[in-house]
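**Q** the following block contains a protein sequence and its predicted model.
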Amino acid sequence: MDEIQLLDSEGAFHEVLRGFRAIGLPLNSTLETMLNEHHTHRTERRGSGYTQATRHLAEYINYPCRHTEYDDARLFADKSPGVVPRLRERAAELGFEISWRNLDRQRIPCELMHDPEFGELFRVELGRQRAIREVPERFELEESIVLARIMRDLVLPVDARELGLEELPLFTEPLKIGTCPLAEKYFLELAERFVRRKGRLNIIRGTTGRPLMIEKLNLGDDHSCISVTPLVLNGVRLPAGSLLGVHYDAPAGGQPNAELPGEVIPLSACRGFRFLRLTTLSVSPANRPRAFSKHFEAQVEGGLFGPGVVEISQLLAVAETQLRGLP
């Protein structure tokens with residue numbers, strides 16, 4: 001179907017744009033331009049608008065003060081924090097301090113709910129948060145669901161322990177690691193256990209002993225990693241297939257891999273991580289051409305190994321193999 005036919009009356013092409021607009025929270029103009037696949041984002045360096053949108057979300061995910069400020073409002077066209085400041089102010093006037101995030105999962109004191117002003121403000125904000133929590137269910141396309149879940153967690157942070165996921169420490173300083181559309185090149189090769197000359201792969205292992213991600217060295221930019229399992233960073237769930245940067249003090253104190261050159265490094269040795277973007281492997285092979293469009297096309301035209309075939313489960317298997325024999 002032609003893209004023009006998919007535009008709604010307000011010019012929103014992507015399903016995510018239409019979904020957030022439907023709940024009264026249209027996304028900001030930057031995300032709208034990106035997800036509508038404007039030609040300025042469909043370049044050799046940027047990849048596709050969808051890829052760019054995940055880089056844009058990285059700015060929020062990597063923001064260290066996100067939980068205490070209203071920065072999530074920047075996701076939306078209306079950047080106002082709405083009723084939240086007055087909601088918290090009114091609670092303080094009544095002698096209570098509340099966290100405004102995840103209101104639907106908190107026990108609010110009866111004294112607050114009996115106050116007419118607080119009660120009205122609470123209902124307004126609760127409605128907004130419930131709409132955001134449920135928004136991923138509106139979508140049918142895999143890539144829309146993946147993106148909407150990240151956006152939901154930006155507003156409504158998750159607890160890694162409740163979800164049974166590993167939580168990564170956030171590294172607050174920028175890392176000099178590239179995110180070009182061909183960054184997947186070496187990870188696609190690693191899926192077939194092919195490591196180029198002088199290349200190395202480190203397996204970052206979680207507290208439960210399971211592999212979390214693969215870090216590549218001497219293969220393009222060092223210290224870029226691909227997650228092989230869902231993880232939590234700064235309250236946001238990141239799907240397997242996320243591209244992250246890692247910082248640790250060398251040497252990291254790892255043990256040799258069982259097969260391929262490199263080491264197994266414990267998560268505790270890593271000082272922190274930064275989310276860079278989603279890779280094409282975050283979406284199933286059948287949906288990559290649609291989700292990543294020009295980005296995926298560039299991988300095919302560039303002769304990358306199996307961009308439409310390799311699955312993240314293959315990289316997980318490679319990582320698990322390197323742990324063989326370790327306690």
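**A** Perfect, thanks for sending it.
**Q** doesn't I214 fall inside a helix?
**A** No. Applying DSSP: H, G, I helix; E, B strand; the rest coil, one finds I214 to be strand, outside a helix.
**Q** got the contact list for the residue lying closest to R210 once chain neighbours are set aside?
**A** Closest residue in space to R210, ignoring its immediate chain neighbours: T229 at 6.9 Å, by CB to CB, 6 or more residues apart in numbering. All C-beta atoms are positioned from the backbone trio N, CA, C, and that covers glycine. Residues in contact with T229 (CB atoms under 8 Å, 6 or more residues apart in numbering) are 166, 210-213, 240, 316.
**Q** same question, P169
**A** Contacts of P169 (CB under 8 Å, 6+ apart): 270-273.
**Q** show only the entries of the contacts of T229 found in helices.
**A** Members of the contacts of T229 lying in helices (criterion: DSSP state H): L316.
**Q** adding distance to R277, neighbour count and pLDDT, write the contacts of T229 out as TSV.
**A** What follows is those, written out as TSV (distance: CB to CB, whole Å; neighbours: other CB atoms under 10 Å; pLDDT from 0 to 100):
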residue	distance to R277	neighbour count	pLDDT
E166	20	22	97
R210	24	14	96
P211	21	22	98
L212	18	26	98
M213	14	30	98
A240	14	20	98
L316	20	19	98
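**Q** wait, which of the contacts of T229 is closest to F13?
**A** A240 (27.1 Å; CB to CB).
**Q** now H247. Its backbone dihedrals?
**A** Backbone torsions of H247, given as degrees, to the nearest 10, read phi -130, psi 130.
**Q** what about it, how many residues nearby?
**A** 15 (other CB atoms under 10 Å).
**Q** with the one 10 residues further on instead?
**A** The number of residues packed near N257 is 21, by other CB under 10 Å.
**Q** and what of the one 4 residues further on?
**A** P261: 14 surrounding residues under other CB under 10 Å.
**Q** same check on the one 5 residues further on?
**A** The local packing count at P266 equals 16, with neighbours defined by other CB under 10 Å.
**Q** can you check the pLDDT for it?
**A** On pLDDT, P266 comes in at 95.
**Q** now it, nearest residue through space, not along the chain?
**A** Leaving aside its chain neighbours, P266 sits nearest to R205 (5.6 Å; criterion: CB to CB, 6+ apart).
**Q** cool, and T208?
**A** In this structure, T208 finds its nearest non-sequential neighbour in E166, 7.5 Å apart by CB to CB, 6+ apart.
**Q** residue contacts, the one you found?
**A** E166 sits in contact with 160, 206-208, 212, 229, 231-232, 267, where contact means CB under 8 Å, 6+ apart.
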